[in-house]
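1. sequence and predicted structure, then a few things I'm wondering about:
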Amino acid sequence: MKLALRELRRQPGRFVTATVILTLIASLLMLLGGLLDGLLSGATSAVLAQKGELVVYSSTAEDSFQRSRITTDTSATIAAVDGVSDVGGIGVVQLGARVPGNDDRDLLDVVLFGYELPPEGVAAAPPTGQAYADATLEAQGVEKGMTLLLGQARTPVEVIGFVDGLQYSGQGTLWADATTWRGALNANRPGAGVGDGVFQSLVVELDPGTDPAAAASAIDAATDDSTSTLTVVDAANAIGGVEQQRSTFNQIIGVTVIIAIVVVGLFFALLTVERTAMYGVLKAVGARSRTLFGGVVLQAVIVTLIASFIGGSLALALDLAVPPGSIPFTLTPARLITSVVLLLLAAVIGCAFSLRRVLRIDPATAIGSGT
Amino acid sequence: MTPTSEPTSGSGSTGSAAVAEPPALQLSDVRKTYRMGDEEVVALDHATLTLAADEMVALIGPSGSGKTTLCSIAGGLLSASSGTVVVAGQDITGYQSKQLSEFRRDTVGFVFQAVNLVPFLTARENLLVVDELGRRRGKPARERADQLLEELGLADRAKNMPNQLSGGQRQRVAIGRALMNEPKLVLFDEPTSALDSKLGDQVMELIRSEMKARGTAAVIVTHDERITHYADRTVHISDGVLDA
């Protein structure tokens, strides 16, 4: 191992090419991961922020807010199920908002939520006609105190403050009371209007220690299967496009990891070929194949760690430089660590291409190598 | 000196109570064959050779005569197809790869024709690599490396890289590496082929004085008749057959 470390220190030029390529791959992995996490956050954070454990839709709604309707009777039935501590209605309508000072045709896409149980980071429902706005809307010119006009009916909603990290389907959100939401929905989507007390969905809080899966089954049984109850995570994943985005990006990430394996494999296989004579001599003086191969793996791991550090720094710099709301990019510690782990695995697997070569180097070739 | 495969000098004995060291090398009826398609090629044919514990033998033969094969078998780099190979009392005939690695590390030293120092290690580190690959004696190994460099006239070159050393200096580092683990037998493969005659003589004198000072046996593979006088005896090999 000392031999491998010394070679890295004293002949760093031999490893520059692999380091540069792996840095690019590391940056790409982390950028892809950050984009995926940003897109997913933009699509699902409003749902994931719900404090409850479960989300209830009507069974015919295919787990969609817009197609779902929960009546007061159903809500009461669910509230009475064992293990349920509280229920709160929630509704959604997607509209274009006119922002004061902007052109009438320059509409801002917003999602207006009407809620009973406040999600993380949001206070109790404000008075009718007022709403909290997601911070991404602030980045798009919305200010506290501004009155936005929603939809063709120009339903007025006054912005009274901002909240962080609450987006839905890639759009900024407004959080208002049920009356404000119903008013905007009924005025702008008369075909999809709801009556008093009706919500599109229910957020369910459970008693501590209650199994969410069991509670979900109990709820659907109590409503004679007129509801479809999901965990909050499943409800987030059911949002249109989320699974497709995740699948697409994970495939791209997978291909990138495979490229990393090939790069490491080819580079260190080439190095091993170059070192054949030296390995032959070292084997002749008593080095074991596993010592030599261990050195190869160690070098691959160190080169990969250096590349990951540089790539991660570049990704972090981008995360800091990107203005909020401009690009859906979120770099989390979990994503950084996952990317580094994937690269290290790729490095170790890539080295396997060199193992056979190292094993096959015949120490007898060290003798007579000048003839 | 009459060519013979038998030792002409044994290890020195200081009295009837002294136990004679076993021969450094005993090859008994060793044969090495290779398959080339349908043909069997005989690289070494019924070779029998004994070296005393402190004897230097020059093994002379043309290219392809089998001298490198014999050297490789004696040094545990190749296994014989038949016959027995005993080095310093250790029968390595049936050794597997791992045992041969340990044997080469602990019992045998090699000085290769192409020298083959590790290019990114200093002269001192090239000696210590043997310790790092093996049992890691640490401080005793460092002291031995320094002592060897001193004896080989390289103390002031200890921190130089191979590309900063002359051909003769590199050869001396290689000799030091071969002696690091106090081997019973050192195998020299064409030690002077890359050197001019004056430098070659210097290196051969150094080899002889180092081997004799340590009482270490040596086999010097060469095709150069001019250096044979440095050895205790000369053995000729041709077409895989040792001269009787």
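-> That came in fine, so what should we check first? Residues are numbered from 1 along each chain as shown, chains lettered A, B, ... in the order given.

2. what about the closest residue to chain B within chain A, how many neighbours?
-> For chain A and chain B, the shortest gap (CB to the nearest CB) falls at residue A:286, measuring 2.5 Å. For the C-beta atoms, the positions are set from N, CA and C on the backbone; glycine is no exception. Neighbours of residue A:286 under the rule other CB atoms under 10 Å in any protein chain shown: 25.

3. residue B:109 - nearest residue in space that isn't next to it in sequence?
-> Excluding the flanking residues, the one nearest residue B:109 by CB to CB, 6 or more residues apart in numbering or on different chains is residue B:178, at 3.1 Å.

4. residue B:126 versus the one you found, what's the distance?
-> Counting by CB to CB, to the nearest Å, the gap from residue B:178 to residue B:126 is 11 Å.

5. name the element residue A:140 belongs to?
-> Taking DSSP states H and E as the definition, one finds residue A:140 inside no helix or strand.

6. got the confidence number for residue B:18?
-> Looking at residue B:18, its pLDDT reads 51.

7. cool, residue B:9 as well?
-> Looking at residue B:9, the pLDDT reads 41.

8. which SS state does the residue nearest the centre of chain A fall under?
-> For chain A, residue A:37 is the residue whose C-alpha lies nearest the centre (CA atoms, centre = their mean; 2.5 Å). Per DSSP: H, G, I helix; E, B strand; the rest coil, the secondary structure class of residue A:37 is helix.

9. how many residues are close by the closest residue to it other than its chain neighbours?
-> What sits nearest to residue A:37 in space, not counting adjacent residues and going by CB to CB, 6+ apart, is residue A:330, at 4.5 Å. Per other CB under 10 Å, the neighbour tally for residue A:330 reads 20.

10. isn't residue A:330 right up against residue A:34?
-> Yes. Here residue A:330 lies in contact with residue A:34, judged by CB atoms under 8 Å, at a distance of 6.0 Å.

11. between those two, which contacts overlap?
-> residue A:319 (CB atoms under 8 Å, 6 or more residues apart in numbering or on different chains).

12. is it true that the residue nearest to the centre of chain A touches residue A:335?
-> Yes. Residue A:37 is in contact with residue A:335 according to CB under 8 Å; the separation is 5.6 Å.

13. picking that back up, show me what contacts the residue nearest to residue B:109?
-> Residue B:178 touches B:109, B:110, B:111, B:186, counting by CB under 8 Å, 6+ apart.

14. swap in residue A:60?
-> residue A:67.

15. three-state assignment of it?
-> Residue A:60 is classified as helix under three-state DSSP.

16. so what's the residue of chain A closest to chain B closest to, chain neighbours aside?
-> residue B:105 (2.5 Å).

17. residues of chain B that sit close to chain A?
-> Residues of chain B lying near chain A by CB under 8 Å from any CB of the partner chain: B:63, B:68, B:71-72, B:75, B:77-78, B:98, B:101-102, B:104-106, B:109-110, B:112-114, B:116, B:118-121, B:125, B:129-130, B:132-134, B:177, B:187, B:189-190, B:193-194.

18. per-residue confidence at residue B:92?
-> At residue B:92, pLDDT is 94.

19. isn't it right up against residue B:103?
-> Yes. Between residue B:92 and residue B:103 there is a contact at 5.6 Å, judged by CB under 8 Å.

20. overlap in contacts, the two.
-> residue B:76.

21. the two: which is more packed in?
-> Set residue B:92 next to residue B:103 and count neighbours by other CB under 10 Å: residue B:92 wins out with 22 against 18.

22. ok, now which ones touch the more buried one?
-> B:76, B:85, B:86, B:99, B:100, B:103.

23. with residue A:189 instead?
-> Contacts of residue A:189 by CB under 8 Å, 6+ apart are A:93, A:151.

24. at which residues are the strands of the chain located?
-> Since you didn't name a chain, this refers to chain A. Under the criterion DSSP state E, strands of chain A are mapped to A:54-58, A:84-98, A:107-115, A:130-134, A:147-150, A:155-163, A:167-168, A:171-176, A:201-206, A:227-231.

25. wait, chain B was what I had in mind.
-> B:25-36, B:39-51, B:56-60, B:82-87, B:90-91, B:108-111, B:185-189, B:217-222, B:233-238, B:241-242.

26. which strands or helices does the biggest helix by length in chain B pack on?
-> Criterion DSSP state H: the longest helix present in chain B is helix B:197-214. Judged by 3 or more CB pairs under 8 Å, 6 or more residues apart in numbering or on different chains; DSSP states H and E, helix B:197-214 is in contact with strand B:56-60, helix B:167-179, strand B:217-222.

27. give me the contacts around the first one.
-> What it means is strand B:56-60. Taking CB under 8 Å, 6+ apart as the rule, strand B:56-60 contacts B:49, B:51, B:67, B:70-71, B:207-208, B:211-212, B:217-225, B:227-228, B:230-237.

28. what about it, average pLDDT?
-> Strand B:56-60 comes out at a mean pLDDT of 94.

29. can you list the strands that that strand pairs with?
-> Sheet pairing here is set by DSSP bridges, and for strand B:56-60 it gives strand B:217-222 (parallel), strand B:233-238 (parallel).

30. check contacts around residue A:243.
-> Residue A:243 neighbours (CB under 8 Å, 6+ apart): residue A:237.

31. show the pLDDT at it.
-> For residue A:243, pLDDT reads 94.

32. likewise for the one 10 residues further on?
-> Residue A:253 carries a pLDDT score of 95 in this model.

33. tell me which of the helices and strands packed on helix B:197-214 is the most buried.
-> Across those, averaging neighbours per residue (mean count of other CB atoms under 10 Å in any protein chain shown) puts strand B:217-222 on top, at a mean of 27.

34. now do the helices in the stretch 201-350 of chain A.
-> Applying DSSP state H, counting those that start in this stretch to the stretch 201-350 of chain A gives helices spanning A:212-222, A:232-237, A:242-274, A:276-284, A:289-321, A:333-360.

35. return the most buried member of these.
-> Highest mean neighbour count among these (mean count of other CB under 10 Å): helix A:276-284, a mean of 22.

36. give the other helices and strands that it contacts.
-> Helix A:276-284 packs on helix A:289-321, going by 3+ CB pairs under 8 Å, 6+ apart.

37. and the helix it packs on, how far from the chain's centre?
-> Computed by CA atoms, centre = their mean, to the nearest Å, the chain-centroid distance of helix A:289-321 equals 24 Å.
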